[in-house]
Structures are given as structure tokens and as C-alpha cells.
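Q: Here is a sequence with its predicted model. Questions after.
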Amino acid sequence: MNHFELKGGELACEDVALSTIAAAVGTPVYVYSSATLVRHFTVLRDALTGAGLKDPLIAFAVKANPNVAVLRTLAQAGAGADVVSEGEIRRALAAGVPPERIVFSGVGKSAGEIEFALKAGVAEINLESEPELDLVSAIGQRLGKRAAVAIRVNPDVEAGGHAKISTGKAENKFGVSLAEAERLYAKASNLPGAPPVGVACHIGSQITDLAPMEAAFAKMRALVERLRGEGLSVERLDLGGGLGAPYFNAPTPPDPADYAAMIARTMKGLGDIQFAFEPGRMIAANAGVLVSRVQHIHERPEGRKFLVLDAAMNDLLRPAMYDAYHDIRPVNPRPSDEKGGEPVVYDVVGPICETGDTFTRDRALPPLKAGDLVAFMTAGAYGAAMSSEYNSRLLVPEVLVKGDQYAVIRPRPTYDDMLAREANAPWLS
Ligand code: LLP
């Protein structure tokens, strides 16, 4: 469930009409609902604790939506942060996430980033390879700060979903095999600067079937038991993120209660262990929309109708990158739309100079005209997070709503801001 509904005949985020925000901030603009963010976090936490997993660490995957105000909203609800760079650690800290609720993941952490994480006192560093283990231990020893580490395992299961976001097969770059994990865990326990506290896995994103997760989690459980059998202590099991969000035309993602029940079943009798999770999309996707204005409708005499928006692939990359489907709704539907008036089939495109800047082809929508506002639904995760200034378009602004209040949480820069970031080369003066 989310908090984007028709109110007084127009699409609103909680109690604020999207047209009010569009008029004040301009378009394109991302709009997030605090209530939806908190609700999704709470639903997941209650499902996990309700299934008997005590005190789970739910570390929101910052990459899904790194805006500090969004992170602060979640931190105040009790969320931790799953981060993959120094920038994300800084964002999480700026948002008030306690370091002991920060998990540092990622395939290629630099020495500088590891040092920063150690000094910040993050809860856990998830290691993806042996060189990384050696590096973390050496830096930990040099700084006199022992980082609690977890070994990220690649459980070699097919999670389904788009190939570009599937991570759990042996051919993907993430983590080490189960056998390697056992060796590295034992090695880490003998190193001076990297005491192992747990094992971690994350098999992909937008997963809509619990079976591959269950298969992976069963392998993780067996690994914990083998490690413990060797006399090693395993205090934490990080099961990653990956639960899908409902994108309207896609398979319905599993209910968090079923996800939690599956974990409780798979882990029954494992003994004392803290579970950690790294959800991104299931918390943020439905908590955000991208509002855009129709520039004009370009109608080809041969029949194709292009709905040309002021948003483009630089603002919302997912359709171009993953062929992702986002529901598109008129912000101010006309009474005839509600009566199921005759839809029009559009190709919905942005102004960028490449064919990839097509949000969707042959989409049946209510009739629209220049100046109308539309909302791309389910855009709160990996939306603004992946935006850029391609074609020198200004970075898209973000707005956070709470009840009947809203605040601009990332203003649209000016063209001067954009140009001021660059410098001349002396020989060009
Ligand atoms: N943990 C790790 C180690 C990850 O790599 C990811 C996502 C997550 C957690 C969060 O996964 P989630 O719960 O959001 O599925 N840009 C793509 C998604 C990339 C996901 C990358 N890793 C998209 O727009 O679909």
C-alpha cells in the first residue's frame, strides 16, 4: 500500500496535491511520502519480529534512495543503513543513523573508504574477496581498530528478474563460494584486524518468488552450522535485500509476512543469531513518484503518437536501462477518464537526443494534452538515485511530504551552479 491516491479528483501524496508541488517547484520533480516509507519499514520489521526473529538489523539499502531526509525519516523509525561507498556512509551518518546500525557492503572498497568506515565505527564490513579481507585486516591493525567483518557468499542460485540486477550466480562478480567462505572465515579469525562476526548473501533485486531465496538461505544456514561445527563463532547472518515491489504489470511480490515465515522456517533451531537485512526497493519504490509535464504531443501522420514529456532518461533511467515498466497516471484525470473513456495509445518519450530516451511504447493512457501533469509511479527507489545531468539537464529536484506539509529536500540547481562546478584549463585562457 502507498499514500498516492486521488483526493478531490486529483492525485495527491498524502494530503498534498501533486499539482501544488509541481506549481511551486516546477517539473520534473520527485515526490516522496513519509508515511509510505515508514509504513513499509514497519511492516517488514513487524513481520520479521512477528515470525520470531528477535531484534533484526534492518539496514536500508542507501543506494535505492540516498536523500538524507529520506534516510533520516527511516532512521527515526529505527532503520539502519546498508552502504557501498564512503559517500553513502557520510549520508547515513548525516541522517543520524548510528554507526552500529551501518553495514558496509560492496565489491571494490578502496583503502581510503575502509579507513573511513573503521574510524566511523560501522557495525560490519561485508567482504567480497580474499584481497579485501587482507586489506581490511591490515588497515584495522594499523589503526588499532578491529572491524567486525562478514564474508559475503555467492550461493549460486538463479534469482530470476533482470540479468543486470541478478547477483547470486557463480558467474556474477559478487562474493565468494560457500567453500571459499569457510576458508576465509577461518583465516579471518586468525588475522589481527578483521574478526569475523557473520556471513552475508544478497542474490538479486526485484525478486518476486521466495523459492530462490529459500534455496540460498538454506545454504547459508548450513554454512553457519559448518562454521560453528569447526568451533568458530557466528553471531550474525545477513540475508541481504531483494524483495520486489509491485510495478503493476509485473508478478506480485511476496508478502513480507510470507518472507518472514519462510526465514523462520528455514532457520528453525539455528540457535542464537542476529539476522540482518538490506532492503531497498521494497521500502522506497512505492514511496515515490516522478511528476512530469507533457510538453506536447507529436502525432505522426502515419499514426504513431509521441507523448513528449519534460522528464527524460537522465531523471528516470530504469526504463532505458532495464526495460522497466512504470505505471503512468494523469495527475488531474478528467471526469471522462474515470468513466473509462477511450484511451489513446502513446509512445512516451523525453527530450534527450537518443532513442533510448523512451519510457514506454504503445502505452494506452487517458487522452492527454500539452501542459497536463503525469506521474510515474513506483519511482522512489533507483529513481533520483540514478539521475544525472546528461544533455546538461539540471539535476531533478526532490520533495518530501508528511501529512499536509511538504519540503524541498533537494532543490533544483541553477545553470550557474552547474557551470560553477567546472574549471578552465590554464592553457585555454
Ligand atoms: N544489498 C546489496 C548488497 C545490494 O547489492 C542491493 C542492491 C541491495 C542490498 C538492495 O536490493 P533491493 O532490496 O533494493 O532489491 N538499479 C537497479 C537495482 C540495482 C540493485 C543493486 N543492488 C534497478 O533500478 O532496478
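A: Looks like it arrived, so ask away.

Q: nearest residue to the residue in the stretch 51-200 of the chain that the ligand sits nearest to other than its sequence neighbours?
A: Closest contact between the stretch 51-200 of the chain and the ligand, by CB to the nearest ligand atom, is at residue 61 (3.5 Å). Every C-beta, even on glycine, is put in place using the N, C-alpha and C of the backbone. With sequence-adjacent residues excluded and distances taken as CB to CB, 6 or more residues apart in numbering, residue 61 is closest to residue 280, at 3.1 Å.

Q: try residue 106
A: Nearest to residue 106 is residue 84, by CB to CB, 6+ apart, at 3.8 Å.

Q: For the one you found, what are phi and psi?
A: phi -130, psi 10 (degrees, to the nearest 10).

Q: Residue 262 is in what secondary structure piece?
A: helix 256-267 (DSSP states H and E).

Q: So which other helices or strands are in contact with that helix?
A: Secondary-structure packing of helix 256-267 (3 or more CB pairs under 8 Å, 6 or more residues apart in numbering; DSSP states H and E): helix 34-50, helix 210-229.

Q: can you tell if the shortest one touches the ligand?
A: Pointing back at helix 34-50 there. No: remark: helix 34-50 sits outside contact range of the ligand, by CB under 6 Å from any ligand atom, the gap being at least 10.4 Å.

Q: And that helix, what's buried?
A: 34-41, 43-45, 47-48 (16 or more other CB atoms under 10 Å).

Q: What about residue 286, how many residues nearby?
A: 25 (other CB atoms under 10 Å).

Q: Show me which residues of this protein sit near the ligand.
A: So far as CB under 6 Å from any ligand atom goes, the chain lies against the ligand at 61, 64, 82, 105, 165, 202, 205-206, 240-242, 278-282, 318, 322, 381-382.

Q: On the three-state scheme, the residue in the stretch 301-429 of the chain that the ligand sits nearest to is what?
A: Closest contact between the stretch 301-429 of the chain and the ligand, by CB to the nearest ligand atom, is at residue 382 (3.1 Å). Put simply, residue 382 is coil when judged by DSSP: H, G, I helix; E, B strand; the rest coil.

Q: Let me know whether it touches residue 62 as I believe.
A: No: the pair residue 382 / residue 62 is not scored as a contact, 11.6 Å apart, by CB atoms under 8 Å.

Q: Overlap of the contact sets of those two?
A: residue 280 (CB atoms under 8 Å, 6 or more residues apart in numbering).

Q: quick one: low-confidence parts of the protein?
A: 160-162, 165-168, 338-340 (pLDDT under 70).

Q: hey, where'd the helices end up in it?
A: With DSSP state H as the criterion, the chain has helices at 18-25, 34-50, 68-77, 86-94, 111-120, 130-143, 178-190, 210-229, 256-267, 281-284, 318-322, 335-338, 415-420.

Q: deepest of the ones you listed, which one?
A: helix 281-284 (a mean of 29; mean count of other CB atoms under 10 Å).

Q: Residue 123: neighbour count?
A: 22.

Q: what does residue 323 give?
A: Residue 323: 10 neighbours (other CB under 10 Å).

Q: Okay, residue 373 and residue 285: tell me how far apart.
A: 21 Å (CB to CB, to the nearest Å).

Q: returning to what we had before: give me the more crowded residue out of residue 382 and residue 62.
A: Shown here are residue 382 and residue 62; by other CB under 10 Å, residue 62 has more neighbours (28 against 25).

Q: List the contacts of that one.
A: 71, 81-84, 88, 91-92, 280.

Q: which one is it nearest to, not counting chain neighbours?
A: Residue 62 sits nearest to residue 88 (CB to CB, 6+ apart), 4.4 Å away.

Q: is it true that the one you found touches residue 65?
A: No: applying CB under 8 Å as the test, residue 88 and residue 65 come out as separate, 11.2 Å apart.

Q: residue closest to the middle of this protein?
A: Centrality entry for the chain: nearest residue to the mean C-alpha point is residue 64, 2.1 Å, by CA atoms, centre = their mean.

Q: quick one: which of residue 373 and residue 285 has more around it?
A: A side-by-side neighbour count of residue 373 and residue 285, using other CB under 10 Å, places residue 285 first with 27 against 23.

Q: Could you pull up the contacting residues of the more buried one?
A: 64, 245, 247, 378-382.

Q: do you know how far it is from residue 253?
A: From residue 285 to residue 253 the distance is 10 Å (CB to CB).

Q: overlap in contacts of these two?
A: Counting by CB under 8 Å, 6+ apart, the residues touching both residue 285 and residue 253 are residue 245.

Q: measure residue 142 to residue 136 for me?
A: In terms of CB to CB, residue 142 sits 11 Å off from residue 136.

Q: Common neighbours of these two, please.
A: In contact with both residue 142 and residue 136: residue 193, using CB under 8 Å, 6+ apart.

Q: if we can go back for a sec, quick check: the farthest pair among the contacts of residue 285?
A: 64 and 247 (14.2 Å; CB to CB).

Q: circling back: now for the contacts of residue 285, which sits with the most neighbours around it?
A: Highest count within these by other CB under 10 Å belongs to residue 380, 32 neighbours.

Q: in terms of contact, does that residue touch residue 286 like I think?
A: Yes: assessed by CB under 8 Å, residue 380 is found in contact with residue 286 at 6.5 Å.

Q: where do the contact lists of the two overlap?
A: Residues touching both residue 380 and residue 286 (CB under 8 Å, 6+ apart): residue 36.

Q: what sits against residue 29?
A: Counted by CB under 8 Å, 6+ apart, residue 29 has contacts 21-22, 290-291, 396-399, 412.

Q: I'd say residue 246 and residue 377 touch.
A: No: distance between residue 246 and residue 377: 9.5 Å, which falls outside the contact criterion (CB under 8 Å).

Q: All set now, cheers.
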